[in-house]
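Trainee: need a 3D model of the sequence below.
(2 chains)
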Protein chains: 2
Amino acid sequence: MIRFFEKDPYAPIQYTYEVEKILYKGRSPFQEIMVFENSYFGKILVLDNVVQLTERDEFIYHEMLTQVLMHSHPEAKTVAVIGGGDGGAVREVLKHDCVSKLYFIEIDEEVIKVSKQFFPSVSSSIDDPRVEIRCMDGAEFIKGMENSLDVIFVDSTDIIGFAKSLFTVEFFKSVRDALTENGMFVTLSESLIFHKDLVYEVQNSMKLIFPIVDLYTASIATYAGNWWTFSVGSKSLDPRQIRKPIKVPTKLYTEELHKSCFLPRDLYDKLMKKELLW
Amino acid sequence: MIRFFEKDPYAPIQYTYEVEKILYKGRSPFQEIMVFENSYFGKILVLDNVVQLTERDEFIYHEMLTQVLMHSHPEAKTVAVIGGGDGGAVREVLKHDCVSKLYFIEIDEEVIKVSKQFFPSVSSSIDDPRVEIRCMDGAEFIKGMENSLDVIFVDSTDIIGFAKSLFTVEFFKSVRDALTENGMFVTLSESLIFHKDLVYEVQNSMKLIFPIVDLYTASIATYAGNWWTFSVGSKSLDPRQIRKPIKVPTKLYTEELHKSCFLPRDLYDKLMKKELLW
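Mentor: Presented below is the predicted three-dimensional model:
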């Protein structure tokens, strides 16, 4: 039996998946790209030896990344997705009719191509006429925008590596300036179990820039560390509040999950006082 | 480098840990027992090739298994822990001064011995005078009790295998009869992501017996599936309510986590209507 051994430099546990069949293997200017078939998870997308998504459970990450702010912002019209070349975040955002323009900024064109070929259920909305694809560095794109985006989603690879420009104070400043008056921003920020110091750093950096900063979590079986965090920066609106009725189809995201996914405030205080004893 | 490849028959992902040193390897009448050292997690206890606990993250499982009901029951005096030979659940329960008697029912005496030798920080309370150890089948023990236990915790190995007698309707009936008037019961019930049908079955079986049945979750990085569930059966008290001030030291469990760890009711309804689409 062939196995795929994940090599996540961040994770103290190595994940291994059985490989039914390798469907694609290639090298873009940025990374190694692989797609293989697994009997339980369906097709799996791997970048630089780290699993990015599986057909079976991608909805968890993509819904949680996007639907929280899409329901907290009262009416997001212009939106940017930075990264997420697979198109999963784009698909989720475009479920909302209020969106009239989506900038889809993916540095690696190859990921978009591979996803269109092998993950049609994930990449299904990339060709929607509301989408403008720009294959460029997300930080550069954001620098060029001013007061024009209602919500910004960062769907990057892990914080180390070439995505690190998306986690600097300078980037968060550009994000704030690119957002409209009530604009909101969310980025992945790794595992609360394995990388709590990193979560702390991202939160702390965002607090230098945004008046409202918060953290919500989701349990993701295919990302090592599992208790995955999403860091929110907001110019005026509390992201814990839902401001739009939930009408779009979702598998996991619900009204009550929105409320309970945010880190309880007493635990959040411990995190920010560096009192989490693990 | 030596690696330990977990062989969890329940999990579509295989977990692998680096082995600094194997500290113990033996066979009891019930299972294979192994202890090894890992540079990140510290010592790791393995039963039949499945990781049971690591020194670094065991607090998550043990606190979540016990502290929810220990704070929901107004004054648990007589308590039983079924399984959990490592002593982690016993340690957590005995943080509460209201407990005057704890029946510790572990079928495999060897696990207790190994834990005392290699995991002193976990097994620290096993010799507390309030503890009565009985090395026997948990289902047999419960059958012999009547109207005498305030809270019962089941801390078994996975539902398949020799622990399966702890997940039958017959067992849940014995549990109900063994509990005092306001008694409460909690058992692990596997992963909501990988085993939602099993979670459904456990909940459904408990509903045949208990007037109040509920489900809470925790994200556990070292248990495959990660979005781990705990099934509660209660004779009269709502487990979501806290009835005792939180004074015992905990790393993860907090008042607000108690409230947010229960599966949101709208998602719970979907689970029980078999409408979770994964």
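Trainee: the stretch 151-278 of chain A against chain B: which residues are in contact?
Mentor: With C-beta under 8 Å from any C-beta of the partner chain as the criterion, the stretch 151-278 of chain A meets chain B at residues A:191-194, A:217, A:219-222, A:224-227, A:251-252, A:254-257, A:259-260, A:264-267, A:270, A:276-278. For glycine as for every other residue, the C-beta is placed from the backbone atoms N, C-alpha and C.
Trainee: relative to residue A:221, how far out is the nearest residue to residue A:77 once chain neighbours are set aside?
Mentor: Take residue A:77 and drop its neighbours on the chain: the residue closest to it by C-beta to C-beta, 6 or more residues apart in numbering or on different chains is residue A:100, 5.1 Å away. Relative to residue A:221, residue A:100 is positioned 35 Å away (C-beta to C-beta, to the nearest Å).
Trainee: who's more crowded, those two?
Mentor: When residue A:100 and residue A:221 are compared for neighbours, residue A:221 comes out ahead with 25 against 10, by other C-beta atoms under 10 Å in any protein chain shown.
Trainee: which of the residues of the stretch 151-278 of chain A next to chain B fall within helices?
Mentor: Here DSSP state H is the test, and these give A:255-257, A:259-260, A:265-267, A:270 as lying in helices.
Trainee: can you flag the buried ones in the residues you listed?
Mentor: A:256-257, A:260, A:267, A:270 (16 or more other C-beta atoms under 10 Å in any protein chain shown).
Trainee: show the contacting residues for the residue most central in space within chain A.
Mentor: Ranked by distance to the mean C-alpha position of chain A (C-alpha atoms, centre = their mean), the top residue is residue A:155 at 3.2 Å. If a contact means C-beta atoms under 8 Å, 6 or more residues apart in numbering or on different chains, then residue A:155 has A:65, A:81-84, A:88-89, A:188 as its contacts.
Trainee: mind running it again at 6 Å?
Mentor: Residue A:155 is in contact with A:65, A:83-84, A:89, counting by C-beta atoms under 6 Å, 6 or more residues apart in numbering or on different chains.
Trainee: then residue A:220?
Mentor: For residue A:220, the contacting residues are A:60-61, A:226, A:228, by C-beta under 6 Å, 6+ apart.
Trainee: and which of the contacts of residue A:155 is nearest to chain B?
Mentor: Nearest to chain B among the contacts of residue A:155: residue A:65, at 16.6 Å, using C-beta to the nearest C-beta.
Trainee: the closest one sits in which helix or strand?
Mentor: Assigned by DSSP states H and E, residue A:65 belongs to helix A:58-72.
Trainee: do residue A:23 as well
Mentor: When the helices and strands are read off by DSSP H and E, the one containing residue A:23 is strand A:21-27.
Trainee: what pairs with that strand, parallel or antiparallel?
Mentor: Pairing partners of strand A:21-27, with direction, according to DSSP bridges: strand A:32-38 (antiparallel).
Trainee: what's the spacing between residue A:263 and residue B:258?
Mentor: Between residue A:263 and residue B:258 the computed distance is 14 Å (C-beta to C-beta).
Trainee: just say helix, strand or coil for the residue lying closest to residue A:75 once chain neighbours are set aside.
Mentor: Once flanking residues are discounted, residue A:75 sits nearest to residue A:98: 4.9 Å by C-beta to C-beta, 6+ apart. Residue A:98 falls in the coil class when you classify it by DSSP: H, G, I helix; E, B strand; the rest coil.
Trainee: can you check residue A:112 too?
Mentor: Going by three-state DSSP: residue A:112 is helix.
Trainee: residues contacting it?
Mentor: Under the criterion of C-beta under 6 Å, 6+ apart, the neighbours of residue A:112 are A:85, A:106.
Trainee: most surrounded residue in the contacts of residue A:220?
Mentor: For the contacts of residue A:220, the largest neighbour count, defined by other C-beta under 10 Å, is 28 neighbours, found at residue A:226.
Trainee: quick check, the helix or strand containing residue A:4 touching chain B?
Mentor: Counting by DSSP H and E, the element that carries residue A:4 is strand A:2-5. No: under the criterion of C-beta under 6 Å from any C-beta of the partner chain, chain B is not reached by strand A:2-5; the shortest gap measures 7.3 Å.
Trainee: starting at the chain centroid, how far to that strand?
Mentor: In terms of C-alpha atoms, centre = their mean, to the nearest Å, the centre of strand A:2-5 is set 26 Å apart from its chain centre.
Trainee: repeat that for stretch A:80-95.
Mentor: From the chain centre to the centre of stretch A:80-95 is a distance of 9 Å (C-alpha atoms, centre = their mean).
Trainee: neighbouring contacts of that stretch?
Mentor: Contact with stretch A:80-95 is made by A:53, A:58, A:62, A:65-66, A:79, A:99, A:102-106, A:108, A:111-112, A:115, A:119, A:122-126, A:128, A:138, A:149, A:152-156, A:248, as judged by C-beta under 6 Å, 6+ apart.
Trainee: do stretch A:22-38 as well
Mentor: For stretch A:22-38, with C-beta under 6 Å, 6+ apart as the criterion, the contacting residues are A:17-21, A:43-48, A:108, A:110, A:114, A:118.
Trainee: now it: buried residues?
Mentor: A:23, A:28, A:30-31, A:33-38.
Trainee: ends of it, what's the gap?
Mentor: Taking C-alpha to C-alpha, to the nearest Å, the first and last residues of stretch A:22-38 lie 9 Å apart.
Trainee: any idea of the mean pLDDT for it?
Mentor: Along stretch A:22-38, the predicted local confidence has a mean pLDDT of 97.
Trainee: one more: stretch A:97-113?
Mentor: Mean pLDDT, computed over stretch A:97-113, is 98.
Trainee: quick check: phi and psi on residue A:123?
Mentor: Recorded main-chain torsions at residue A:123 are phi -90, psi 10, according to degrees, to the nearest 10.
Trainee: look up how far residue A:277 lies from the residue nearest to it when sequence neighbours are not counted.
Mentor: On the basis of C-beta to C-beta, 6+ apart, the spatially nearest residue to residue A:123 that is not a chain neighbour turns out to be residue A:87, at 3.6 Å. Counting by C-beta to C-beta, the gap between residue A:87 and residue A:277 amounts to 40 Å.
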